[in-house]
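S.K.: Attaching a predicted model along with its sequence, questions to come.
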Amino acid sequence: AQSVTQLGSHVSVSEGALVLLRCNYSSSVPPYLFWYVQYPNQGLQLLLKYTSAATLVKGINGFEAEFKKSETSFHLTKPSAHMSDAAEYFCAVSGGGSNYKLTFGKGTLLTVNP
Amino acid sequence: GAVVSQHPSRVICKSGTSVKIECRSLDFQATTMFWYRQFPKQSLMLMATSNEGSKATYEQGVEKDKFLINHASLTLSTLTVTSAHPEDSSFYICSAAPGLAVPGELFFGEGSRLTVL
């Protein structure tokens, strides 16, 4: 069984400030981990993914995430927030192998203040 | 990246009618597609896994007779909400993955917002 916990349903930062969105996972098998972003009334877009290669993963739009097995975490960061980063962010885990099913966290709404 | 398209993006219907939502993979073949439901300000709930040429696999608690899924070709899956009621109003999102994608790396449609009056 797999699960994802996103700490903080809402994070608010100032433009130019560090963005940190927290994600902890639980998985009985080596996980594949993902961060997806959703803009209002749209589907989801992949930001980045961890697939057991490098533990520090770089994604689109300047985001990156670090896989820490000892902490079962996969937190998403961006050094400097931009207004266009305001969106809902979902952390997700899949079981690897041929299992394409994703388990999503509840999401974190990021607001960026001018 | 791979493109998945949903249609319609918005639909309003009367209670008791049926609504069909289409999900197409535009530039790849998808033997498996997934249908999700999202309530306002909540996460995505997997409803079913759509398999080309065979019956869909529904998640626990999802009524298969209410939400009919057909995956008749490698590029098209449809979700039909039958005898819709106001409680079926929601944002429905489909996703699919190219064959060589990382398991869990999905491409999502734009979503379809259903409002049942």
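M.R.: Structure received.

S.K.: rest of the way, CA atoms for contacts and neighbours
M.R.: Fine.

S.K.: Could I get the full set of strands for chain B?
M.R.: Counting by DSSP state E, residue ranges of the strands within chain B are B:4-7, B:10-13, B:19-25, B:32-38, B:44-51, B:57-58, B:67-73, B:76-81, B:90-96, B:107-108, B:112-116.

S.K.: could you dump those to CSV with distance to chain A, mean pLDDT and mean neighbour count?
M.R.: Written out in CSV, the entries for the strands of chain B read as follows (distance: least, Cα to the nearest Cα, whole Å; pLDDT from 0 to 100; neighbours: other Cα atoms under 10 Å in any protein chain shown):
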stretch, distance to chain A, mean pLDDT, mean neighbour count
strand B:4-7, 10, 94, 21
strand B:10-13, 10, 96, 14
strand B:19-25, 12, 96, 22
strand B:32-38, 8, 92, 23
strand B:44-51, 7, 90, 23
strand B:57-58, 12, 94, 16
strand B:67-73, 17, 91, 19
strand B:76-81, 16, 96, 22
strand B:90-96, 7, 94, 27
strand B:107-108, 6, 90, 25
strand B:112-116, 8, 96, 21
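
S.K.: looking at chain A, which helix or strand is least sure?
M.R.: The helix or strand of chain A with the lowest confidence, counting by mean pLDDT, DSSP states H and E, is strand A:99-104 at a mean of 79.

S.K.: what helices or strands is that strand leaning on?
M.R.: Here strand A:99-104 touches strand A:2-7, strand A:87-96, going by 3 or more Cα pairs under 8 Å, 6 or more residues apart in numbering or on different chains; DSSP states H and E.

S.K.: Tell me how far the longest one lies from the chain's centre.
M.R.: Centre-to-centre, strand A:87-96 and its host chain are 6 Å apart (Cα atoms, centre = their mean, to the nearest Å).

S.K.: Would you point out which residue is most central in chain B?
M.R.: Closest residue to the average C-alpha location of chain B: B:Trp35 at 3.5 Å, with Cα atoms, centre = their mean.

S.K.: Contact partners for the nearest residue to that residue once chain neighbours are set aside?
M.R.: Counting by Cα to Cα, 6 or more residues apart in numbering or on different chains, B:Trp35 lies nearest to B:Cys94, which is 4.5 Å off, once chain neighbours are set aside. For B:Cys94, the set of contacting residues under the criterion of Cα atoms under 8 Å, 6 or more residues apart in numbering or on different chains consists of B:Gln6, B:Cys23, B:Met33, B:Phe34, B:Trp35, B:Tyr36, B:Phe108, B:Gly109, B:Gly111.

S.K.: now swap in A:Gly95 and tell me
M.R.: A:Gly95 is in contact with A:Gln2, A:Ser27, A:Val29, A:Pro30, A:Pro31, A:Tyr32, A:Lys101, A:Leu102, B:Pro103, B:Gly104, counting by Cα under 8 Å, 6+ apart.

S.K.: try 7 Å
M.R.: A:Val29, A:Pro31, A:Tyr32 (Cα atoms under 7 Å, 6 or more residues apart in numbering or on different chains).

S.K.: Now do the last one against A:Ser94, distance only.
M.R.: Spelled out, it's A:Tyr32. Distance of A:Tyr32 to A:Ser94, given as Cα to Cα, to the nearest Å: 5 Å.

S.K.: Many thanks, I have nothing further to ask.
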